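Participant: Next input, structure requested:
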Amino acid sequence: MVIMVSCGQAEKKKPDIREFKFDDRGLKVIAYSVNERLGTMAILYGNGPAVKHSENEYGAHAEGEVYQLTTFEQQDHEFWYGSKINGALKYVETVRMTQTEEGIFPVYRVKYYGPATSKDGLQDNQARIKFILDQKAAVFP
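Facilitator: Down below sits the predicted model:
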């Protein structure tokens, strides 16, 4: 009887669905990473040319490649003990490859969705651009 009561209570509980603030605008997932030290997880999205470049080991970047790295706070999964899911959206970093007279260069910007903290480590734009552009496409089944 105790088991039936506890199961009945679990069925009544609804999951806490959080607002998902990121609109991928048709971009495709390139890679996914977790930073347990900072308690964050990130998904790297890209447009067609960005995905194509990230799938190749070599090659120069092309004008029009767009990369968006979305970083979320980790959140405990309420119904799966010990696992984490993405929580609140912290920030979105965008790198757009742009043609200039000197060649093709990355243009970087970041948009925060909450208070920025010093532990985010986003002060060095060049290091962030390199990190984003160095990501290789993950193999998805």
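Participant: which residues of the chain fall in strands?
Facilitator: Secondary structure of the chain (DSSP state E): strands located at 28-35, 40-46, 66-76, 84-100, 103-112.
Participant: And the ones you listed: which comes nearest residue 131?
Facilitator: strand 66-76 (8.1 Å; C-beta to C-beta). For the C-beta atoms, the positions are set from N, CA and C on the backbone; glycine is no exception.
Participant: coming back round to it: buried deepest among the strands of the chain, which one?
Facilitator: Ranked by mean neighbour count, the strands of the chain are led by strand 40-46 with a mean of 22 (mean count of other C-beta atoms under 10 Å).
Participant: elements contacting that strand?
Facilitator: In terms of contacts (3 or more C-beta pairs under 8 Å, 6 or more residues apart in numbering; DSSP states H and E), strand 40-46 is packed against strand 28-35, strand 66-76, strand 84-100.
Participant: about what we covered before: out of the strands of the chain, flag the one nearest residue 139.
Facilitator: Of all those, strand 28-35 comes closest under C-beta to C-beta, at 10.2 Å.
Participant: Residue 70 contacts residue 46, correct?
Facilitator: No. Residue 70 lies out of contact with residue 46 (C-beta atoms under 8 Å); the separation is 11.7 Å.
Participant: got any ranges where the protein has weak pLDDT?
Facilitator: Confidence mapping of the chain against pLDDT under 70 gives the ranges 1-24, 57-58, 75-87, 115-122, 140-141.
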